[in-house]
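Visitor: sequence first, then the predicted structure:
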Amino acid sequence: MRIHAKARNALWFGPARGQPPIHRFDDTAGRFRVCYFGTTLEVCFAETFLRNPPVRILALDDLTGRSIATVEVCRDLRLVPVHGSSLARLGVTAELATGSDYALSQLWSRVLWEHGDQPDGILYRSRHDDSALCVALFDRARDALAIVRDCSLAEDSKQLARLLRRYGLALTN
């Protein structure tokens, strides 16, 4: 799943050409692009709206400007796990996926992208809700994805209320 700005394609791989990297696994040299996904709606919500803690109130406009896309994976993806026992095998710590300084994460992303096995992306634990996993998918795997549903995040009031309760958030106009 992926929460995205309504003005942008659900399968947007960034950063845009000529723009600097801003996300954890973006390539600093611009040789490849990355699209970020969550394995649950909850983690998508946390990664989108809880990035600058402490967050206690969300503006309704922020929610209405977003869509939630459900994406089908059309072939097996080769993802490098950067969590659990894989951390020791890679010789890194969980800081790679949770640290505030993205320089190391971006360097590792490029190293993994350049690897001869050509992985499709990185599987890592969410920094903002570590109960779930996220995927940073390299643009070479774009053809493996299909959007099966893309709808307004604010449309489903029961689901939205559940997410607000889960994270102890209030909503304002």
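Guide: Cool, got the structure.
Visitor: out of the helices and strands in the protein, which is least certain?
Guide: When the helices and strands of the chain are scored by mean pLDDT, DSSP states H and E, helix 60-64 comes last with a mean of 90.
Visitor: pLDDT on stretch 31-43, on average?
Guide: Mean pLDDT, computed over stretch 31-43, is 97.
Visitor: contact partners of it?
Guide: 1-3, 11-15, 23, 25-27, 44, 46-47, 68, 71, 109-110, 113, 121, 126, 128-129, 131-140, 142, 159, 163, 166 (Cβ atoms under 8 Å, 6 or more residues apart in numbering). Glycine gets a C-beta too; all of them are placed from N, C-alpha and C.
Visitor: and whichever helix or strand comes after the least confident helix or strand of the chain, which residues are buried?
Guide: Downstream of helix 60-64, the first helix or strand assigned by DSSP states H and E is strand 66-73. Buried residues in strand 66-73, counted by 16 or more other Cβ atoms under 10 Å: 66, 67, 68, 69, 71.
Visitor: please enumerate the strands of this structure.
Guide: Under the criterion DSSP state E, the chain contains strands at 2-5, 34-38, 57-59, 66-73, 79-82, 121-125, 133-138, 145-152, 170-172.
Visitor: do you know which of those strands lies nearest residue 90?
Guide: Closest to residue 90 of the strands of the chain, according to Cβ to Cβ: strand 79-82, at 6.8 Å.
Visitor: now do the closest one: which elements does it pack against?
Guide: Packing partners of strand 79-82 (3 or more Cβ pairs under 8 Å, 6 or more residues apart in numbering; DSSP states H and E): helix 86-90, strand 121-125.
Visitor: which one of those lies closest to residue 56?
Guide: The nearest among those, by Cβ to Cβ, is strand 121-125 at 23.8 Å.
Visitor: partner strands of the closest one, with direction?
Guide: Using DSSP bridges, strand 121-125 pairs in its sheet with strand 79-82 (parallel), strand 133-138 (antiparallel).
Visitor: touching that strand from outside, list them.
Guide: Contact with strand 121-125 is made by 25, 34, 77, 79-83, 94, 96-98, 109, 112, 132-138, 141, as judged by Cβ under 8 Å, 6+ apart.
Visitor: what of stretch 44-61?
Guide: Stretch 44-61 is contacted by residues 1-3, 36-38, 62, 66, 68, 126-129, 134, 154, 163-164, 167-173 when judged by Cβ under 8 Å, 6+ apart.
Visitor: mind checking which of those are buried?
Guide: The neighbour-count test (16+ other Cβ under 10 Å) applied to the contacts of stretch 44-61 identifies 1-3, 36-38, 66, 68, 126-129, 134, 154, 163-164, 167 as buried.
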